[in-house]
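Peer 1: with the input below, show me the fold.
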Amino acid sequence: MDVRRLEVLCELRLRGSVTAVAAAVHVTPSAVSQQLKTLEREVGVPLTERSGRGLVLTPAGEALAGAADGVSVALARADQVWRRFVESPQGVVELALFPTAGRMFLPGLLAALREVPGLSLEARDVDVTDGDFTDLVADHDVVLGYSVGPATGWDDRAVAVQHLLDEPLDVALPEGHPLAAHRRVTAVQVATSPWIAPPRDAPFERVLQEIERVADHPLTVVQRFNDTRITESLVAAGEGLALLPRHTSGGEGTGVVLRPLERIAPTRRISALLRVEHAERPSVRTVLQALGRIAAEIERAG
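Peer 2: As a prediction, this is how the structure comes out:
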């Protein structure tokens with residue numbers, strides 16, 4: 001049975017005439033009569049009968065209209081819940097993000113969202129190459145991804161992209177290394193040292209290739225790791241140099257110092273990716289706004 005025809009039956013029970021029902025539901029009286037006839041064919045018994053110049057409900061019509069009242073109440077409740085959902089930031093937002101983005105954004109994001117009643121975040125860490133971040137968009141509300149150089153596939157019209165920040169990629173040196181005394185280093189200075197590199201298909205590999213090109217010298221890669229924490233520990237142990245993101249690497253107590261790379265000045269572009277239709281949800285917009293504020297704070301802190 002069509003819910004709209006049940007609503008017409010309930011209106012007839014309440015208002016007592018086809019004309020009054022038509023005015024209430026904003027259709028013509030003939031349209032009301034047609035819907036009632038269609039409903040009778042669906043249930044197989046007469047639901048209305050003539051009384052003078054008007055229509056009244058039969059006992060079957062009364063029974064069905066009484067039962068349909070519960071449907072109307074349920075629909076009204078569902079409509080109210082849905083309106084609250086689309087008009088206010090409520091529900092669960094599913095976020096996928098790469099590990100160092102988790103270190104940068106998650107503590108502040110969770111703290112910010114605790115101030116929003118009815119909104120919660122389910123975060124999952126992922127570690128993929130930049131071209132694969134769009135593959136996660138179908139299964140998550142928001143995906144934090146990064147690219148070094150052009151991001152393939154991010155211009156898809158079905159994917160909305162909100163730029164958050166450009167994070168410098170610095171040369172990581174062990175404390176006490178001769179180059180640590182320099183404020184900046186050059187490709188020529190670092191090209192002759194051993195390197196702890198990312199996997200060959202990782203975005204950072206493009207920067208290492210540029211170092212080789214500028215220095216006109218091949219790099220000697222002694223180890224490859226995707227996890228920047230492992231890479232940082234090996235740099236601190238003196239096993240080689242590496243390229244690491246500035247905001248989540250180095251610092252006091254790590255045994256590692258970071259130095260900008262002259263001329264090349266590499267960065268990774270961090271963005272929020274999501275399906276275009278998800279961008280209209282207040283809950284998702286609230287998360288994006290919080291991410292934007294945190295990114296601005298990170299950039300101000302340097």
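Peer 1: going forward, measure contacts between C-alpha atoms and count neighbours the same way
Peer 2: Noted.
Peer 1: quick check: domain ranges of the protein?
Peer 2: 3-87, 91-166+268-301, 167-266 (automatic domain parsing).
Peer 1: how about those in TSV, adding mean neighbour count and mean pLDDT?
Peer 2: Shown next, in TSV, are the domains of the chain (neighbours: other C-alpha atoms under 10 Å; pLDDT from 0 to 100):
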stretch	mean neighbour count	mean pLDDT
domain 3-87	15	80
domain 91-166+268-301	17	88
domain 167-266	18	94
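Peer 1: isn't Phe204 right up against Pro198?
Peer 2: Yes: at 6.6 Å, Phe204 counts as touching Pro198 under the criterion of C-alpha atoms under 8 Å.
Peer 1: any idea which helix or strand carries Glu115?
Peer 2: Using DSSP states H and E, Glu115 falls within no helix or strand.
Peer 1: how close does it sit to Glu122?
Peer 2: 16 Å (C-alpha to C-alpha, to the nearest Å).
Peer 1: again with Gly108
Peer 2: 14 Å.
Peer 1: same question, Ala111
Peer 2: 13 Å.
Peer 1: then Pro178?
Peer 2: Counting by C-alpha to C-alpha, the gap from Pro178 to Glu122 is 45 Å.
Peer 1: do the same with Leu179
Peer 2: From Leu179 to Glu122 the distance is 43 Å (C-alpha to C-alpha).
Peer 1: could you pull out the strands for the stretch 201-302 of the chain?
Peer 2: 220-224, 242-245, 256-259, 267-275 (DSSP state E, counting those that start in this stretch).
Peer 1: which residue sits closest to Val197, ignoring its sequence neighbours?
Peer 2: Heads up, residue 197 is Ala, not Val. Arg224 (4.7 Å; C-alpha to C-alpha, 6 or more residues apart in numbering).
Peer 1: these two touch, right, that neighbour and Ile196?
Peer 2: Yes: assessed by C-alpha under 8 Å, Arg224 is found in contact with Ile196 at 5.7 Å.
Peer 1: got a list of contacts for stretch 12-32?
Peer 2: 8, 11, 33, 54-57, 62, 65 (C-alpha atoms under 8 Å, 6 or more residues apart in numbering).
Peer 1: show me the contacts for Ala265.
Peer 2: Counted by C-alpha under 8 Å, 6+ apart, Ala265 has contacts 168-169.
Peer 1: no, scratch that, I was asking about Val8
Peer 2: 21, 25, 32, 35-36.
Peer 1: quick one: which of the residues you listed sit in helices?
Peer 2: The helices, defined by DSSP state H, take in 21, 25, 32, 35-36 from the contacts of Val8.
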